[in-house]
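>>> Here is a sequence with its predicted model. Questions after.
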Amino acid sequence: MVCGGFACSRNALCALNVVYVLVGLLLIGVAAWGKGFGIVSSIHIIGGVLAVGFFLLLIAIVGLIGAVNHHQVMLFFYMIILGLVFLFQFGVSCSCLALSKSKQESLLSSAWGMLDNETRSTWEKSLNCCGFFNKTTTKDKGGAEQCSAACWESSSPCVTCGAKMMEHADEALKILGGVGLFFSFTEILGVWLAMRYRNQKDPRANPSAFL
């Protein structure tokens with residue numbers, strides 16, 4: 001059986017869609033980690049990557065069903081949608097990698113300013129930090145009336161919440177952007193495989209059947 005045969009094309013398409021399932025789960029997991037940490041929840045790019053992950057997972061399942069059953073209609077829509085996913089994922093991934101630290105800081109600062117006192121107190125306790133960037137880092141400096149972090153009650157200086165948020169935000173964006181950009185190019189391969197496989201004749205089918 002040559003690699004360009006029907007069975008080889010079907011197996012390659014199935015294997016590629018299994019990879020898409022794993023990539024979708026990975027994107028969802030990493031993005032959910034970033035949002036669950038509470039430090040990049042205001043960055044809409046994270047939500048975009050979550051959407052891409054869910055959508056990629058869905059289209060991968062459609063591709064698997066279409067590949068196993070050689071379903072012409074499902075394979076057609078699979079090619080169209082996968083091409084659109086590529087464009088969207090490529091754009092979001094590039095945005096993740098290109099987002100400057102100043103822009104990240106601006107987005108996080110805006111989100112911090114919209115938080116109520118109770119929510120800020122919760123994050124200060126969770127991250128063991130006080131203030132954002134321009135607030136106090138030690139108890140004897142002005143700028144904060146009180147802080148809920150454990151470091152506030154100790155003699156050690158408190159790290160600003162902005163510094164901790166920026167550290168994890170940059171890490172999450174690099175992971176999301178790198179993974180998304182790398183696997184977005186495999187989607188072009190998926191479109192090509194689906195197109196070739198769709199036009200191949202199933203040797204098990206009726207020879208007179210319409211392709």
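It's in. Numbers count the residues shown, from 1 in each chain.

>>> Now Ile61. Nearest residue, chain neighbours left out?
Leaving aside its sequence neighbours, Ile61 sits nearest to Val21 (CB to CB, 6 or more residues apart in numbering; 7.3 Å). Backbone N, C-alpha and C define where each C-beta goes, glycine included.

>>> which element follows the strand or helix carrying that neighbour toward the C-terminus?
Here Val21, judged by DSSP states H and E, is contained in helix 6-36. Moving toward the C-terminus from helix 6-36, the next helix or strand (DSSP H and E) is helix 44-69.

>>> State the next helix or strand along the chain beyond that next one.
helix 72-98.

>>> which strands and helices sit next to the following helix or strand past that next one?
For helix 72-98, the following helix or strand on the C-terminal side (DSSP H and E) is helix 101-114. Applying 3 or more CB pairs under 8 Å, 6 or more residues apart in numbering; DSSP states H and E, one finds that helix 101-114 contacts helix 161-198.

>>> Buried residues in the helix it packs on, which are they?
Residues of helix 161-198 classed as buried by neighbour count (16 or more other CB atoms under 10 Å): 161-162, 164-166, 168-169, 171-173, 175-177, 179-181, 183-184, 187, 190-191, 193-194, 197-198.

>>> related to what we said a few turns ago, how far does the helix holding Val21 sit from the chain's center?
Helix 6-36 has its C-alpha centroid displaced from the chain centroid by 12 Å (CA atoms, centre = their mean, to the nearest Å).

>>> Give me the below-cutoff pLDDT ranges for the protein.
Counting by pLDDT under 70, the chain has low-confidence residues at 1-4, 34-45, 133-146, 155-156, 204-211.

>>> try 90
Within the chain, the segments meeting pLDDT under 90 span 1-14, 16-17, 19-64, 66-75, 79, 81-211.

>>> Relative to Tyr78, how far out is the nearest residue to Cys94 once chain neighbours are set aside?
In space, and not counting its chain neighbours, Cys94 is closest to Leu181: 6.8 Å by CB to CB, 6+ apart. Plainly put, Leu181 is 22 Å away from Tyr78 if you go by CB to CB, to the nearest Å.
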